[in-house]
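K.L.:
Need the 3D shape of this:
(chains A and B)
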Amino acid sequence: MVSLFYFQLLSAGLFAIGLYGVLARRSAVLIVMSIELMLNAVNINLIAAASHLEGRGSFVRFDGQIIAIFIITIAAAEVGLALAIILRMYRNRSTVNVDEIDIMKW
Amino acid sequence: MTGLTENLDLLTPEFALAGLAFLVLAVDLFLPEDKKHLLAWLSVAGLSGLIVLAAVMLWGEDESLYDGLLAVDDYSLFFKIFFMGMGIFIILTSIDYVKQFLDHQGEFYALILFSILGMNVMAQSRELLTAYIALELLSFCLYVLVAYARKSPRSNEGSLKYIIIGAFSSAIMLYGISMIYSTLGVTRFDDISLALVGALEVSPALWVGIALLLVGLGFKISAVPFHAWAPDAYEGAPYPVTAYLAIGSKAAAFALLLRLVAEGFVPAIDRWDQWQLIISVLAGVTMVVGNLVALAQRNVKRLMAYSSIAHAGFILAGVAALTQDSQLASNGIMLYLVGYSVTNLVVFAALIAYFNISGKEMISDMGGLAEERPFLAACIAMGMFSLGGLPIFAGFAIKFYLFTAVAEAGFLWLAGLAIFSSLISLYYYLQVIRQMYIESAPQESPPESPATGELVGLEGIPRASLAASPSILLVSVLAIALAAVLWIGVYPSPLLDTIEAASRAILPGT
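P.N.:
Predicted structure coming up:
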């Protein structure tokens, strides 16, 4: 079995890429996509941990998978909401570039 | 240990609250536009009924549901009643505003009800995933509510910043949860403390997990390095939503954080106490930065945003001071949350009443208010005194109690910093009072021509939609809230008795 460490490495890498995307991207839509990447990193971590923790108890552990399913569902709702707000922004201001969304500062 | 379907009746208030929210959504479809305010009264009546139901049914209950995922105890009962009561007052203060300035009135109240459901579950969850789901239920409602003034670019902008930073912080928090899960294999708060006690060493992966979890929660309570969203969301949001952000969502996030720390970290304090360091540093930075940046604000909403950041710092100091053998700090936190929320209610109800008649939100616009509207000016002034922590008002009693608790837990430097920074805060609170009482009204002669499309204020509100004077409803809400502020300031002991019962539920003590 592949050791848990490699999964955690993969997950940390994915999370870091997502983090970079959130900080470096200028388009609100791409920022939302980067946040999705971060959530997928979380899911990999959870599912890998769930399958490796099995040995500790006498029964198969589901909780990691269950948390992942919840996260997928909530993430879908979150993207829907974020895109609706971005769309509203586009209608009012004709831009989704976060550098130009600066009426309010400090 | 109870099974999955036993004792489900203990969740009746939550089921009924969800039902009430859907009922409001459904009735909304059949009401004509001019009768929509009835939905607010329906929500208020429902919430009042639920408060009575919860108090009668759950008093003294101490049960764990769904294999320990949810706790029905005095702590969750206290917060349930607190949240639903605050919800009633928020709805009452928003009726006029919503009628005058917003479209889609029905969904507004339904969203507030759903978010109260989220807050209730946050206060009673004792497991990370449950807490996360409840937190998201609350946050989603707030994202929509902040964007509720659809046509206003500022409302859109505030909401966009809020949702992006909110989703980002959720992702960070979830990564923390996944690290905790992959090192300890558990997600329940009490299991976390057991695992911490039993662990040979606290591994770096667990460190990362707990730190990221605290960072994620830090975003939600707007602690300082993670506070950037708060001023923009507060400023852009419609006024009642700003009040709701300051009063409701902050208290809910603290309810969750308090239970997490008290049940998850405090029992393992002999083994691993670095969380105290993280939280106390966050608290110190938050109160100083919040208060200093507030000095420069010219918009009242933004001022209140920074003031709420600063107060989050004070409450965080209380969280850092939690110990196993003393309930002083947790009592102090809960008393602070109640007193702070009631005070904020006074300030915001008065500011909303002022906005309804003037459409303005800059501090400089408030000159001469004491002559035009003496009652509103007096309410704002008393609220500001209370926020600044002057005696007679709630602000003094709650700060005194909390800072004493912080000092007794050994965090003298933190208590000193808190007192120092609340002295700074007096300056900007008094600035508002000075504007109302000493400055004269700004030289603005409204053009007498009946220009139909004349717009006022930052939001560009047509003058026609403004009210002539504050409604009876707002005035009576103000009177009740003022009475509560004075009552907590002068005679808090009945409230403290309830709070002590609540903190015994999370910190059984020795």
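K.L.:
What distance do you get for B:Ala233 to A:Ala12?
P.N.:
Using Cβ to Cβ, to the nearest Å, one gets 30 Å for the distance from B:Ala233 to A:Ala12. (C-beta placed from N, C-alpha, C; glycine too.)
K.L.:
Return the residues in contact with the residue lying closest to B:Ser440 once chain neighbours are set aside.
P.N.:
In this structure, B:Ser440 finds its nearest non-sequential neighbour in B:Gly368, 5.1 Å apart by Cβ to Cβ, 6 or more residues apart in numbering or on different chains. Contacts for B:Gly368 (Cβ atoms under 8 Å, 6 or more residues apart in numbering or on different chains) come out as B:436, B:439-442.
K.L.:
what does B:Leu337 give?
P.N.:
By Cβ under 8 Å, 6+ apart, the neighbours of B:Leu337 are B:82, B:251, B:254-255, B:315.
K.L.:
what about the strands in chain B?
P.N.:
Taking DSSP state E, the strands of chain B run over residues B:63-65, B:70-72, B:455-456, B:461-462.
K.L.:
rank those strands by mean pLDDT and give me the bottom one.
P.N.:
Lowest mean pLDDT within these: strand B:455-456, at a mean of 70.
K.L.:
so what secondary structure elements neighbour that one?
P.N.:
Under the contact criterion of 3 or more Cβ pairs under 8 Å, 6 or more residues apart in numbering or on different chains; DSSP states H and E, strand B:455-456 touches strand B:461-462.
K.L.:
which neighbours does the strand it packs on have in its sheet, and in what orientation?
P.N.:
strand B:455-456 (antiparallel) (DSSP bridges).
K.L.:
contacting residues for B:Val289?
P.N.:
The contact partners of B:Val289, by Cβ under 8 Å, 6+ apart, come to B:224, B:227, B:309.
K.L.:
Identify, from the residues you listed, the entry nearest to chain A.
P.N.:
The nearest member of the contacts of B:Val289 to chain A, counting by Cβ to the nearest Cβ, is B:His227 at 12.1 Å.
K.L.:
So what does the closest one have for phi and psi?
P.N.:
Backbone dihedrals for B:His227, given as degrees, to the nearest 10, come out at phi -100, psi 0.
K.L.:
what does B:Ala237 give?
P.N.:
phi -70, psi 150.
K.L.:
surely it meets B:Ser152?
P.N.:
No: under the criterion of Cβ atoms under 8 Å, B:Ala237 makes no contact with B:Ser152, lying 9.7 Å away.
K.L.:
doesn't A:Ile85 fall inside a strand?
P.N.:
No: looking at A:Ile85 with DSSP: H, G, I helix; E, B strand; the rest coil, it is helix, so not inside a strand.
K.L.:
mind putting the contacts of B:Val289 in a markdown table, neighbour count included?
P.N.:
Formatted as a markdown table, these follow (neighbours: other Cβ atoms under 10 Å in any protein chain shown):
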| residue | neighbour count |
| --- | --- |
| B:Val224 | 23 |
| B:His227 | 25 |
| B:Ile309 | 26 |
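K.L.:
Mind checking which of B:Ala233 and A:Ala12 has more residues around it?
P.N.:
Counted by other Cβ atoms under 10 Å in any protein chain shown, B:Ala233 and A:Ala12 do not tie: B:Ala233 has more neighbours, with 30 against 17.
K.L.:
Model confidence score at the more buried one, please.
P.N.:
Model confidence at B:Ala233, given as pLDDT, is 90.
K.L.:
Repeat that for B:Ala370.
P.N.:
pLDDT, B:Ala370: 83.
K.L.:
ok, it - contacts?
P.N.:
Contacts for B:Ala370 (Cβ under 8 Å, 6+ apart) come out as B:377-378, B:436-437.
K.L.:
Relative to chain A, which of those is nearest.
P.N.:
B:Met436 (23.9 Å).
K.L.:
Please tell me I have it right and B:Ala381 contacts B:Met436.
P.N.:
Yes: assessed by Cβ under 8 Å, B:Ala381 is found in contact with B:Met436 at 6.8 Å.
K.L.:
mind listing what the residue in the stretch 101-250 of chain B positioned nearest to chain A touches?
P.N.:
Residue nearest to chain A within the stretch 101-250 of chain B: B:Ser182 (3.3 Å; Cβ to the nearest Cβ). Going by Cβ under 8 Å, 6+ apart, B:Ser182 touches A:4, A:8, A:45-46, A:48-49, A:52-53, B:205, B:209.
K.L.:
hmm, 10 Å instead?
P.N.:
A:4, A:7-8, A:11, A:45-46, A:48-50, A:52-53, A:64, B:205-206, B:209 (Cβ atoms under 10 Å, 6 or more residues apart in numbering or on different chains).
K.L.:
Nearest residue to the middle of chain A?
P.N.:
Taking Cα atoms, centre = their mean, the centroid of chain A lies closest to A:Leu39, which sits 2.2 Å from it.
K.L.:
Which positions in the helix or strand harbouring it come out as buried?
P.N.:
Using DSSP states H and E, the element containing A:Leu39 is helix A:28-53. Buried positions in helix A:28-53, judged by neighbour count with 16 or more other Cβ atoms under 10 Å in any protein chain shown: A:28, A:31-32, A:34-53.
K.L.:
If we check chain B, which of those are in contact?
P.N.:
The subset of these within reach of chain B, counting by Cβ under 10 Å from any Cβ of the partner chain, consists of A:28, A:31-32, A:34-50, A:52-53.
K.L.:
Residue ranges in the chain under the pLDDT threshold?
P.N.:
Since no chain was named, I'll use chain A. In the predicted model, chain A carries pLDDT under 70 at residues A:54-61, A:106.
K.L.:
meant chain B, my bad for not saying
P.N.:
In the predicted model, chain B carries pLDDT under 70 at residues B:1-5, B:444-454, B:509-510.
K.L.:
what about B:Asp325, neighbour count?
P.N.:
Applying other Cβ under 10 Å, I find that B:Asp325 has 9 neighbouring residues.
K.L.:
what does B:Leu351 give?
P.N.:
24.
K.L.:
Tell me who's in contact with it.
P.N.:
Listed by Cβ under 10 Å, 6+ apart, the contact set of B:Leu351 reads B:93, B:239, B:242-243, B:300-301, B:304, B:361, B:366, B:376, B:379-380, B:383, B:432.
K.L.:
just curious, which of the residues you listed is nearest to chain A?
P.N.:
B:Lys301 (10.0 Å).
K.L.:
The closest one and A:Ala48, how far apart?
P.N.:
In terms of Cβ to Cβ, B:Lys301 sits 45 Å off from A:Ala48.
K.L.:
Show me what residue of chain A gets nearest to chain B.
P.N.:
The minimum distance from chain A to chain B, using Cβ to the nearest Cβ, falls at A:Ala49 (3.3 Å).
K.L.:
is it true that that residue touches B:Val186?
P.N.:
No: judged on Cβ atoms under 10 Å, A:Ala49 makes no contact with B:Val186 at a distance of 11.1 Å.
K.L.:
Any idea how many residues pack against B:Arg504?
P.N.:
Neighbour count for B:Arg504, taken as other Cβ under 10 Å: 17.
K.L.:
my read: it touches B:Asp73, true?
P.N.:
Yes: using Cβ under 10 Å, B:Arg504 is in contact with B:Asp73, at 9.0 Å.
K.L.:
Name the residues contacting each of the two.
P.N.:
B:Asp62.
K.L.:
Go back to the contacts of B:Ala370 and keep what's next to chain A.
P.N.:
Okay, of the contacts of B:Ala370, nothing touches chain A (Cβ under 10 Å from any Cβ).
K.L.:
Sounds good, over and out.
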